[in-house]
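J.: how would this look folded up:
(2 chains)
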Amino acid sequence: MAETENPFAQSPALSIAELEARMEGSRAQRERHARLRNILYPFAVVIGLLVVWEVGTRVLGVPLFLLPPPSAIAVSFIANSSLLLFHGWITTAEILLGFALSIVIGIPLALAIFLWPAFSRSILPLLVSSQAMPKVAVAPLFLVWFGFGLLPKVLIAFLIAFFPVVINTAVGLASIEPEKIYLARSMGFGATATFFKIRLPNALPAIFGGLKISITLAVVGAVVGEFVGGDAGLGYLLMVANGSMDTQLLFAGIVALTVLGVALFLLIEFAERLAIPRHIIAGNKGNP
Amino acid sequence: MLTTSSSLGADGEGAYLRVQGLSKVYATHDGPVRALEQVSVEARRGEFLSVLGPSGCGKSTLIMIAAGLLRPSSGTVSIDGALVTRPRTDIGIVFQSPVLLEWRTALGNVMLQAEAKKLERTAARRRARELLGAVGLSGFEDKYPHELSGGMRQRVSLCRALIHNPNQLLMDEPFGALDALTRDQLVLDLQQIWNERRMTVLFVTHSVPEAVFLSDRVMVMTPRPGRVDRMIDIELPRPRTLAMRETPEFASYVREILDLFLARGILREY
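T.: From the prediction side, this is the model:
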């Protein structure tokens, strides 16, 4: 433990352990600051925009029905909170049912596409062209077929949302290093074990990528369904607010939809973290 | 005591692995490609046999066929007299890349083999820890592949190939992607493991010193289509040491192989 004087050191000579502790401390501090900045900067931008918006609309005297200031939107949001909650709940139900349907139909479909090349060849062109078709155009037809209730909205949400689930699952299942499959066979795993122990976990990141796209699309689908013919839901509320020139409420509805969309997205991300332990996601960041 | 003689009986008595008249032709867009042509080779039980040759000489194809993972176009592979017609599960296989499951720890990856073989769990875990310890990975059992270096990953891959005590190890350029120092260590580790267990090893490489260092015999192959060019007995005492690489005997084996490569135009001196 002989500590020799280092003539080049600017500070009193430190042992390597002390140096380590110091480096570790400054690294931790840098990371804390970086985390803080990641939250602070976007927050500051939002606050700045809101202030400009608020001041701008007031100074320029923009009429409320054209562009209400954020404060008016906030007031409307709070005043109509029970209304927003009621309609928001219905929209949430439509989104989640459409999304659930996307999973229940999309994943088995992807499985069939992956397992049977003949099925894939026959169904895939159909599937792709079904995506080229603007689904919004089908919405009135669904109205005719299924009425004004929950069902047509759920179906439109499903129709818009299921495609990324199918494609991502099918691609995720198919894309695997051939060596992993060779390995499984030489270890003596049968087809079922290979699927569940190797191929499915291997595909999970891709599947969740599809689910995350799907949930945001399901929001669009549900709102489109409510636009076309609804008597409830945030999309319906937007139409009503629009019709009565209640632009504050319109904005409050948009805010509610945005919050709902983000919340659902985060929910899927949370599920992803549960299903795919941290190291896969962390793995993208490389070695420590 | 292991001998280094390559003379087997005419009926291949004592041969553990027999490859007879093996050919493999791949159909490609540019027409058929001959990967292997009439390759015959035998390995005794417990022999360390290296397959050495230029890229594209069908070395990997030979491994895949020996593992039962690929069908030969003609010819046969047999183990202990039994024809290989399906993927062999009695082997340990190591590829050039570690092929670890990213969502499993080092221990979990080794245990995959145990799960496939339905080995008793507690004993298998103990053995997996022992194996990981033997290749210097004590304390890394619970690390995930992305937390390990390339050399560590390949060590995990090696442990996974060994946990069920296979009679044969098939290795397809296992150290090809590693830096020189890590490579030296892994070669020493492999020699040690083989020394203790004496499984039959088929080791594909394109490193001449590596082949000479590890092997009882080196099978030198021609460029495509891969044929057996020469079988060379390596009669160096075991265990081999790093210092042995500087001896005239070692150098003369390396020289012999390099001369062969020069003669075949695989290497060109100016």
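J.: what ranges do the strands span in the stretch 101-250 of chain B?
T.: Per DSSP state E, counting those that start in this stretch, the stretch 101-250 of chain B has strands spanning B:168-172, B:200-205, B:217-221, B:228-233. These are given in chain order.
J.: strands paired with the last one, and their directions?
T.: Pairing partners of strand B:228-233, with direction, according to DSSP bridges: strand B:217-221 (antiparallel).
J.: circling back: as JSON lines, the strands of the stretch 101-250 of chain B with mean pLDDT would be great.
T.: What follows is the strands of the stretch 101-250 of chain B, written out as JSON lines (pLDDT from 0 to 100):
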{"stretch": "strand B:168-172", "mean pLDDT": "94"}
{"stretch": "strand B:200-205", "mean pLDDT": "94"}
{"stretch": "strand B:217-221", "mean pLDDT": "94"}
{"stretch": "strand B:228-233", "mean pLDDT": "92"}
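J.: need the ones you listed in a markdown table with distance to residue A:158 and mean neighbour count, can you?
T.: C-betas here are computed from N, CA, C, even on glycine. Supplementary listing: these in a markdown table, determined by distance: least, CB to CB, whole Å; neighbours: other CB atoms under 10 Å in any protein chain shown:
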| stretch | distance to residue A:158 | mean neighbour count |
| --- | --- | --- |
| strand B:168-172 | 47 | 24 |
| strand B:200-205 | 51 | 25 |
| strand B:217-221 | 58 | 24 |
| strand B:228-233 | 61 | 17 |
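J.: can I get the ones you listed in CSV with distance to residue A:26?
T.: What follows is those, written out as CSV (distance: least, CB to CB, whole Å):
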stretch, distance to residue A:26
strand B:168-172, 45
strand B:200-205, 46
strand B:217-221, 54
strand B:228-233, 58
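J.: Looking at those, spot the one closest to residue B:242.
T.: Shortest separation from residue B:242 across those is recorded for strand B:200-205, at 17.2 Å, computed as CB to CB.
J.: and the closest one with chain A, contact?
T.: No - judged by CB under 8 Å from any CB of the partner chain, strand B:200-205 makes no contact with chain A; its nearest approach is 13.2 Å.
J.: now for that strand, which elements pack on it?
T.: Applying 3 or more CB pairs under 8 Å, 6 or more residues apart in numbering or on different chains; DSSP states H and E, we find strand B:200-205 packed against strand B:15-28, strand B:31-44, strand B:48-52, helix B:59-66, strand B:168-172, helix B:208-214.
J.: so which of these is the most packed in?
T.: With neighbours taken as mean count of other CB atoms under 10 Å in any protein chain shown, these reach their highest mean count in strand B:48-52, at a mean of 26.
J.: Name the residues that touch that strand?
T.: By CB atoms under 8 Å, 6 or more residues apart in numbering or on different chains, the residues outside strand B:48-52 that reach it are B:41, B:43, B:59, B:62-63, B:194, B:200-206, B:208, B:210-211, B:214-221, B:257.
J.: at 6 Å what do you get?
T.: B:43, B:59, B:194, B:201-204, B:211, B:214-220 (CB atoms under 6 Å, 6 or more residues apart in numbering or on different chains).
J.: which residues touch the residue positioned nearest the centre of chain B?
T.: Geometric centre of chain B, nearest residue: residue B:203, 2.2 Å, by CA atoms, centre = their mean. By CB under 6 Å, 6+ apart, the contact set of residue B:203 is B:50, B:171.
J.: What of residue A:169?
T.: A:107, A:110, A:207.
J.: how much space between residue A:37 and residue A:31?
T.: Computed as CB to CB, to the nearest Å, the residue A:37 to residue A:31 distance reads 11 Å.
J.: do the same with residue A:223
T.: 40 Å.
J.: Residue A:142 too?
T.: From residue A:142 to residue A:31 the distance is 51 Å (CB to CB).
J.: Then residue B:106?
T.: Distance of residue B:106 to residue A:31, given as CB to CB: 27 Å.
J.: Please report phi then psi for the closest residue to residue A:54 other than its chain neighbours.
T.: Spatial nearest neighbour of residue A:54, excluding adjacent residues (CB to CB, 6 or more residues apart in numbering or on different chains): residue A:69 at 4.7 Å. With angles defined as degrees, to the nearest 10, residue A:69 sits at phi -70, psi 160.
J.: residues from the stretch 101-250 of chain A in reach of chain B?
T.: Within reach of chain B by CB under 6 Å from any CB of the partner chain, the stretch 101-250 of chain A has these residues: A:179, A:180, A:182, A:183, A:185, A:186, A:187, A:188, A:189, A:201.
J.: Would you list the buried entries among these?
T.: Buried subset of those (neighbour count, 16 or more other CB atoms under 10 Å in any protein chain shown): A:180, A:182, A:183, A:185, A:186, A:187, A:188, A:189, A:201.
J.: Within the helices and strands, which one has the fifth one?
T.: Taking DSSP states H and E as the definition, one finds residue A:186 inside helix A:178-187.
J.: Now residue B:211: closest residue in space, sequence neighbours ignored.
T.: If the residues on either side of it in the chain are set aside, residue B:211 comes closest to residue B:50, at 3.9 Å by CB to CB, 6+ apart.
J.: So in terms of bridging, what pairs with that neighbour?
T.: Residue B:50 has these beta-bridge partners by DSSP bridges: residue B:203, residue B:218.
J.: Any figure for the gap between it and chain A?
T.: Distance of residue B:50 to chain A, given as CB to the nearest CB, to the nearest Å: 20 Å.
J.: how much space between that residue and residue B:227?
T.: From residue B:50 to residue B:227 the distance is 16 Å (CB to CB).
J.: quick one: low-confidence parts of the chain?
T.: Because you didn't say which chain, this covers chain A. Residues of chain A meeting the criterion pLDDT under 70: A:1-12, A:278-288.
J.: Chain B is the one I meant
T.: Residues of chain B that meet the criterion pLDDT under 70 lie in B:1-14.
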